[in-house]
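Novice: One predicted model, sequence on top.
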Amino acid sequence: MQLKPEQLPQHLSRPLAAVYIVSGDEPLQLTEAADAIRAAARAQGFSERIIFNIDKKFGWDSLATEAANLSLFSQKKLIELRMAQPRPGKVGGQALRDYVAQTDSDKLLLISTGRIDARTRQTQWCRALERAGVSVAVWPVEASRLPGWIGQRAARQGLSLDPEATRLLAERFEGNLFACAQELEKLGLRHGKNPIGVREVLGGGSEGARFDGFDLLEYSFAGNAARSLRVLNGLKEEGIEALLILGSLTWGIREMALFAGAMERGDPLERLLDRSPAWSRRRAAVQCVLGRHPRKQWWQMLRFAGQVDRSLKTGDHEKGWELLTRLSLMLCSLGVCRT
């Protein structure tokens, strides 16, 4: 039987199958699916656990021996096979087929492995496993589905994310669910059940900090160079990570680049702001910064932000902070709008 990861919790509330094979190339979902099976096994009395890490030198007779041995500490035993890739070879494939031919209710086999392609799924050993138990295949979450994934995970954690914050997290962590899950945990620790919007996601500061990345973004958009520099220096003194600050500026620049492009195509700014709660409350600053920079300049600033990112990630932090200052001043250029 094949199950999707989201179907697994309901399945595990019932008596367990004899065999589970969890496969895929998305680490977070792979780990969490296997963890859920282990937890269900413990709850149903599988208190002894044997782990085999499968490599080319692994002796497959160990599986048969362990399956035949009586448990020393309990009546039920969980046997885990961890395979980096689903290639047990001829001997391993036969050992797996032999195992499932004589399964019993006191033993549970859990196999964790990489993505199983269509050809491998047709092999005799794989078909035998799926007939004997449950196969759970995990896949990377596509960009279009990521906001929904984040929203569902946040809801399970009791977080109150607004749509703009969810979208920002999706943009920031596309392709890295582990980092996204960790960020949600941090947001939960910092804000609990309080509403979490773009400012909270972009803040990047610690409790009690005088400034955050969103302060810098707002003052830069307003064209207030003096305040922008004061905030940036304050963030540096407080030890806020430069990459977090850059993330705030890059997000704002990317948003304005999209606004500028839409306006060139004839969309009124007021309509764009009405569709974006994060910016509708900051209409004056948005009008001000869009009046200073045409669409071409927004894409130039995005390319410059890429230079800042590379500088910070290669360890040249002093140059990175210098470039970060230049990026903020680019946003402030061509006059000041008072807000």
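Specialist: It's in. Residues are numbered from 1 along each chain as shown.

Novice: So what does residue 195 look like in phi/psi?
Specialist: As for residue 195, its main-chain torsions (degrees, to the nearest 10) stand at phi -60, psi 140.

Novice: That one contacts residue 160, doesn't it?
Specialist: Yes. Contact criterion C-beta atoms under 8 Å: residue 195 and residue 160 qualify, at 4.9 Å. The way it works is simple: take the backbone N, C-alpha and C, and place the C-beta from them, glycine included.

Novice: Just want to know which of these two has more residues nearby.
Specialist: When residue 195 and residue 160 are compared for neighbours, residue 160 comes out ahead with 15 against 11, by other C-beta atoms under 10 Å.

Novice: dump the residue contacts of the residue nearest to residue 171 when sequence neighbours are not counted.
Specialist: Leaving aside its chain neighbours, residue 171 sits nearest to residue 251 (7.2 Å; criterion: C-beta to C-beta, 6 or more residues apart in numbering). Shown in contact with residue 251 (C-beta atoms under 8 Å, 6 or more residues apart in numbering): 168, 171, 172, 202, 217.

Novice: I figured the first one hits residue 197, correct?
Specialist: No. Look at residue 168 against residue 197 with C-beta under 8 Å: they stay out of range, at 9.2 Å.

Novice: which residues of the stretch 51-200 of the chain score low on pLDDT?
Specialist: Within the stretch 51-200 of the chain, the ranges that satisfy pLDDT under 70 run 70-74.

Novice: can you pull out the strands in it?
Specialist: According to DSSP state E, counting those that start in this stretch, the stretch 51-200 of the chain carries its strands in the segments 77-83, 107-113, 134-138, 160-161, 195-196.

Novice: which one of those lies closest to residue 48?
Specialist: strand 77-83 (4.6 Å; C-beta to C-beta).

Novice: Measure how the closest one sits relative to strand 107-113, angle-wise.
Specialist: Per axes from the mean of the first three to the mean of the last three C-alpha atoms, to 10 degrees, the angle that strand 77-83 makes with strand 107-113 is 20 degrees.

Novice: returning to what we had before: which one of residue 168 and residue 197 has more residues nearby?
Specialist: Using other C-beta under 10 Å as the criterion, residue 168 and residue 197 rank with residue 168 on top: 23 against 20.

Novice: Could you check how far the more buried one is from residue 162?
Specialist: For residue 168, the distance to residue 162 equals 10 Å [C-beta to C-beta, to the nearest Å].

Novice: shared neighbours of those two, anything?
Specialist: residue 198.

Novice: if we can go back for a sec, want to throw the strands of the stretch 51-200 of the chain into a markdown table with distance to residue 45?
Specialist: Below are the strands of the stretch 51-200 of the chain laid out as a markdown table (distance: least, C-beta to C-beta, whole Å):
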| stretch | distance to residue 45 |
| --- | --- |
| strand 77-83 | 10 |
| strand 107-113 | 10 |
| strand 134-138 | 18 |
| strand 160-161 | 38 |
| strand 195-196 | 40 |
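
Novice: Please identify which of the ones you listed is closest to residue 34.
Specialist: Among the strands of the stretch 51-200 of the chain, strand 107-113 sits nearest to residue 34 (C-beta to C-beta), with 5.1 Å.

Novice: which helices and strands does that closest one pack with?
Specialist: strand 19-24, helix 27-43, strand 77-83 (3 or more C-beta pairs under 8 Å, 6 or more residues apart in numbering; DSSP states H and E).

Novice: contacts for the second one?
Specialist: For helix 27-43, contacts defined as C-beta under 8 Å, 6+ apart pick out 5, 8-9, 12-13, 16, 20, 22-24, 49, 76, 78, 108, 110, 112, 136, 138-139, 177-178, 181.

Novice: model confidence over it, on average?
Specialist: Taken as a whole, helix 27-43 has a mean pLDDT of 93.

Novice: From residue 269, how far off is residue 280?
Specialist: 11 Å.

Novice: the more surrounded of those two?
Specialist: residue 269 (17 against 13).

Novice: What are the neighbouring residues in contact with that one?
Specialist: Neighbours of residue 269 in contact, by C-beta under 8 Å, 6+ apart: 259, 263, 286, 287, 290.

Novice: got it, and residue 309?
Specialist: Contacts for residue 309 (C-beta under 8 Å, 6+ apart) come out as 243, 246, 250.

Novice: just residue 192 next, same as before
Specialist: So residue 192 contacts nothing (C-beta under 8 Å, 6+ apart).

Novice: mind running it again at 10 Å?
Specialist: 158, 159, 160 (C-beta atoms under 10 Å, 6 or more residues apart in numbering).
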